[in-house]
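In: build the 3D model from these lines:
(one chain, ligands or ions: 2)
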Amino acid sequence: MSNLIVHGGTPLRGRITPSANKNAVLPVLCATLLTREPLRLHGVPDITDVRKILDIFRMLGSSVQMDQATGTLSLHHEHTVFDPAQHRLPEEMRSSIMLIPPLLARFGVARLEDNVKGCTLGVREIDPHVEVFQRFGGTVERAEGSLLVRSSHNSKGGTLTPTDHWLDYASVTTTENFVLCAVAANGTSTLTNAASEPHVQEFCRFMVMLGARIDGIGTSRITVQGGAALGGGEFRFDEDFHEITTFLALGAITGGDVIVRNSAPGNFPLIDRTFAKFGVVVTHEDGWSRAHCPGPLKVQTPFTSNVLTKVEAAPWPYFPVDLLPIFIALGVRAQGNCMFWNKVYDGALGWTGELSKFGAHVFSSDPHRLITFGGNPLSPALVESPYIIRVAIALFMVAASIEGRSEIRNAAPIRRAHPRFVENLRSLGVQVEWTSEE
Ligand SMILES: CC(=O)N[C@H]1[C@@H](OP(=O)(O)OP(=O)(O)OC[C@H]2O[C@@H](n3ccc(=O)[nH]c3=O)[C@H](O)[C@@H]2O)O[C@H](CO)[C@@H](O)[C@@H]1O
Ligand SMILES: C=C(OP(=O)(O)O)C(=O)O
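Out: Ligands and ions are numbered 1, 2, ... in the order given. Alright, predicted model coming up:
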């Protein structure tokens, strides 16, 4: 178990250059398997999930060269071979599921382990993915501890057959899986109720760089003209809006002044307004974003009588669900009451008991909603994070805002998304370290 020990109470100050977004990098890495041409990716973060995908690439015989110092990754899937009897896709991460389309396109078979659930946020369905594989002509059968997916050669000269599909809900990885299948299928495919998160758009832009023809990127209907030969090339990842928001929030909760590099402030209007609900002013200037609090953290009072200030998280362009815990931490610290509504996951809010160890007052209304009664005096504590990246961060945020020594046990999920997290924090003045135990 990896734990974080923090001596809190110091206002964070300084500048951060954020890393790339795990949820853009991982689908891109999976997509690289579709081309036999060499590729060079810039800004690849050294995070757990990336290491797992690169390990499987090496196992399949691909050429993988990662320069950790510069974040440059050279990949060549020329002599790659997949054998479902021998190879196991990485577990405990959601993104393994996006290795299925390229494996189907190249080898006509793929095997998905049961544990591709990622963070323990509640049900992580695989049925929408299975439906997509079936729509493209794949067959799916249960094997021990896994699913076997197969596709066979069709009259269109490929193993996947183009299709139109309408999703039950705008699922991020299902949209990416649809695009991966559609690019490999010879003909036109259309997806309705597609997800449009910044990382989905970034992934689609990578596919276009490879030579894919995609219309409707960033909208709820995506059309792909599949079957074009894909090339190689170079791609540089954008900055992660999750990490930008996280460091801005860390500055705000400690009463500090943090400035973060941000080349895409166009993604931030709703995030900025959500900060404003707690009295935090975010400004964007010359490619940098800054959060400051003109006074103490305080929940804004609505003009409408008898309603609570609320933060509603749902598929983009709503407030991003992965950032909800970060703002719950602000809610705990801010004077006043706020409702947090997770419209996506049914099991993402079960960690309020950990917040109460700091002395926070948080009430779970139901599996999707909680209310923070903020501004209570807090004291340092030993808390344990569930296997949820942003909850480990939220617990850390609260700890960092309290004078004294706190410990966040089981904080390793942070390493799934944020490289150099502790180093970045130290550069902002935090006294923090990792400890490990068996
Ligand atoms: C690797 C990756 O990219 N992971 C992200 C991806 O996961 P992932 O693609 O698994 O998430 P989905 O968008 O499929 O949604 C997750 C779950 O929420 C439920 N659901 C979702 C939307 C909805 O309108 N109704 C509904 O019921 C479903 O049970 C679904 O299984 O998107 C999630 C939602 O932004 C993020 O939390 C994850 O960080
Ligand atoms: C929930 C997350 O990731 P995953 O879907 O990989 O668990 C996340 O990035 O916050």
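
In: C-alpha from now on. contacts and neighbour counts both.
Out: Will do.

In: could I get stretch 154-161 in PDB with only the CA atoms?
Out: Extracted as PDB, the C-alpha positions of stretch 154-161 are listed here (Å, rounded to 0.1, in the frame of the first residue of the first chain):
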ATOM      1  CA  ASN A 154     -16.400 -10.200 -44.600                       C
ATOM      2  CA  SER A 155     -17.400  -9.300 -48.200                       C
ATOM      3  CA  LYS A 156     -16.100  -5.700 -47.600                       C
ATOM      4  CA  GLY A 157     -12.500  -6.900 -47.300                       C
ATOM      5  CA  GLY A 158     -12.000  -6.500 -43.600                       C
ATOM      6  CA  THR A 159     -13.000  -8.100 -40.300                       C
ATOM      7  CA  LEU A 160     -15.300  -5.400 -39.200                       C
ATOM      8  CA  THR A 161     -18.500  -4.300 -41.000                       C
END
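
In: contact partners of it?
Out: 104-105, 108, 135-138, 151-153, 181-182, 184-187 (CA atoms under 8 Å, 6 or more residues apart in numbering).

In: just the buried residues from the residues you listed, in ChimeraX please.
Out: Buried members of the contacts of stretch 154-161, defined by 16 or more other CA atoms under 10 Å, are picked up in ChimeraX with:
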select :104,105,108,135,136,137,138,151,152,181,182,184,185,186,187
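
In: show me what the mean pLDDT comes to for stretch 375-384.
Out: Averaging pLDDT along stretch 375-384 yields 96.

In: so K52 belongs to a helix, correct?
Out: Yes: using DSSP: H, G, I helix; E, B strand; the rest coil, the assignment for K52 is a helix.

In: show me the contacts for it.
Out: By CA under 8 Å, 6+ apart, the contact list for K52 reads P90.

In: mind checking pLDDT for it?
Out: Note for K52: predicted pLDDT of 94.

In: what about the closest residue to ligand 1 within the stretch 201-350 of the chain, which SS state?
Out: Proximity of the stretch 201-350 of the chain to ligand 1 (CA to the nearest ligand atom) peaks at V344, 4.3 Å away. Classification of V344 by three-state DSSP places it in coil.

In: okay, which residue of this structure is out on the far edge from center?
Out: Ranked by distance from the centre of the chain (CA atoms, centre = their mean), the top residue is S155, with 37.8 Å.

In: from the contacts of stretch 154-161, which two are the most distant?
Out: Across the contacts of stretch 154-161, no pair lies farther apart than G108 and G187, at 18.1 Å, counting by CA to CA.

In: related to what we said a few turns ago, and of the contacts of stretch 154-161, the nearest to ligand 2?
Out: For these, the minimum distance to ligand 2 (CA to the nearest ligand atom) is 19.9 Å, reached by C181.

In: need the nearest residue in space to that closest one, chain neighbours excluded.
Out: P101 (5.3 Å; CA to CA, 6 or more residues apart in numbering).

In: that neighbour is in what secondary structure piece?
Out: Element membership of P101, judged by DSSP states H and E, is helix 100-107.

In: what sits against the residue in the stretch 301-438 of the chain that ligand 2 sits nearest to?
Out: Closest residue of the stretch 301-438 of the chain to ligand 2, CA to the nearest ligand atom: D322 (4.9 Å). Contacts for D322 (CA under 8 Å, 6+ apart) come out as H242, R390.

In: make it 6 Å
Out: Contacts for D322 (CA atoms under 6 Å, 6 or more residues apart in numbering) come out as none.

In: phi first, then psi, for it.
Out: phi -70, psi -20 (degrees, to the nearest 10).

In: H7 against Q431, yeah?
Out: Yes: between H7 and Q431 there is a contact under CA atoms under 6 Å: 5.4 Å.

In: does I408 have beta-bridge partners, and which?
Out: When bridges are taken as DSSP bridges, the partners of I408 come out as L4, V383.

In: and the strands in the stretch 1-150 of the chain?
Out: In the stretch 1-150 of the chain, the segments counted as strands under DSSP state E, counting those that start in this stretch are 2-8, 13-16, 39-42, 63-67, 72-76, 109-113, 139-143, 146-150.

In: out of those, which gets nearest to ligand 2?
Out: strand 109-113 (14.8 Å).

In: run me through the strand neighbours of the closest one, direction for each.
Out: Counting by DSSP bridges, strand 109-113 is paired with strand 146-150 (antiparallel).

In: P294 and ligand 2: what is the separation?
Out: Distance, P294 to ligand 2, by CA to the nearest ligand atom, to the nearest Å: 30 Å.

In: phi first, then psi, for that residue.
Out: phi -60, psi -20.

In: please list the residues of this structure that sit near ligand 2.
Out: Proximity of the chain to ligand 2 (CA under 6 Å from any ligand atom) is limited to residues M93, R94, G118, C119, D322, I389, R390.

In: ok, which of the residues you listed also contact ligand 1?
Out: R94, D322.

In: format the residues of the chain next to ligand 2 as JSON lines; extra columns: pLDDT.
Out: Shown next, in JSON lines, are the residues of the chain next to ligand 2 (pLDDT from 0 to 100):
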{"residue": "M93", "pLDDT": "85"}
{"residue": "R94", "pLDDT": "86"}
{"residue": "G118", "pLDDT": "83"}
{"residue": "C119", "pLDDT": "89"}
{"residue": "D322", "pLDDT": "98"}
{"residue": "I389", "pLDDT": "97"}
{"residue": "R390", "pLDDT": "97"}
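
In: okay if I get the residues of the chain next to ligand 2 as CSV plus distance to K22?
Out: Shown next, in CSV, are the residues of the chain next to ligand 2 (distance: CA to CA, whole Å):
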residue, distance to K22
M93, 11
R94, 11
G118, 12
C119, 13
D322, 12
I389, 11
R390, 13
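
In: of the residues of the chain next to ligand 2, closest to I214?
Out: Ranked by distance to I214 (CA to CA), these are led by R94 at 24.0 Å.

In: count of neighbours near the closest one?
Out: Neighbour count of R94, defined by other CA atoms under 10 Å: 19.
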